[in-house]
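test case, fold it:
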Amino acid sequence: MPDAPAHAFSHEFQVPDSAIDALGHANNVEYVRWVQDVSGAHWLSICPEEFQEKIIWVVREHRIRYLQSAFAGETLRGTTWVGESSGATSLRYTRLTRASDGVLLCEAETTWVLLDPKSGRPVRVTAEMVSWLLP
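All right, here's what the predicted structure looks like:
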């Protein structure tokens with residue numbers, strides 16, 4: 001995975017008790033949710049409001065590496081950025097770290113597809129959208 005660029009988006013959140021599984025740490029499904037939540041928060045922070053109901057991103061593929069456990073009450077930092085966009089897809093990188101010590105817990109590469117939510121059809125990523133994603 002490439003290094004995070006200066007324009008990477010970061011978002012902090014706390015691990016809720018509900019994320020903890022029978023092994024006493026956050027369930028892997030929660031990591032997937034957090035990767036998606038951080039990506040969504042980034043998109044909403046850069047996408048002009050007038051476009052937010054006209055286009056939507058959906059996941060085509062997640063590649064996730066789980067490296068360390070997260071525990072209830074910990075504050076995590078999700079950092080995400082877009083690598084490349086082509087046609088209707090974008091490759092997005094996300095890292096989840098523990099905020100207190102910066103330990104890397106998880107890293108993900110996700111291929112997202114841009115859709116028209118009314119038709120469900122793919123929409124080409126425009127040069128304007130790329131300028132939002134890669135400032």
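
quick one: low-confidence ranges for the protein?
Low-confidence segments of the chain, defined by pLDDT under 70, are absent.

okay, which residue is most central for it?
The residue at the geometric middle of the chain, judged as the C-alpha nearest the mean C-alpha position with Cα atoms, centre = their mean, is Ser39 (2.8 Å).

so what's the nearest residue to Arg124 once chain neighbours are set aside up against?
In space, not counting the residues next to it along the chain, Arg124 is nearest to Ala88; the distance is 5.7 Å by Cβ to Cβ, 6 or more residues apart in numbering. In short, each C-beta sits where N, CA and C put it, glycine included. Residues touching Ala88, when contacts are defined by Cβ atoms under 8 Å, 6 or more residues apart in numbering, comprise Val113, Leu114, Leu115, Pro122, Val123, Arg124, Val125.

what's the local residue count around the third one?
It stands for Leu115. Applying other Cβ atoms under 10 Å, we find 16 residues neighbouring Leu115.

ok, now the fifth one?
Taking other Cβ under 10 Å as the criterion, the count of residues near Val123 is 18.

next one: the fourth one
The local packing count at Pro122 equals 14, with neighbours defined by other Cβ under 10 Å.

looking at this structure, which helix is longest?
Among all segments of the chain classified by DSSP state H, the helix with the greatest residue count is helix 28-46.

thinking again about what came up before, which of the contacts of Ala88 fall within strands?
Counted as lying in strands by DSSP state E, out of those, are Val113, Leu114, Leu115.

how about the last one, nearest residue that isn't a chain neighbour?
So the one you mean is Leu115. Ile56 (5.4 Å).

what about the most far-flung residue of the chain relative to its centre, which SS state?
Each residue of the chain has a distance to the centre, and by Cα atoms, centre = their mean the biggest one is for Ala22: 25.7 Å. Three-state call for Ala22 (DSSP: H, G, I helix; E, B strand; the rest coil): coil.
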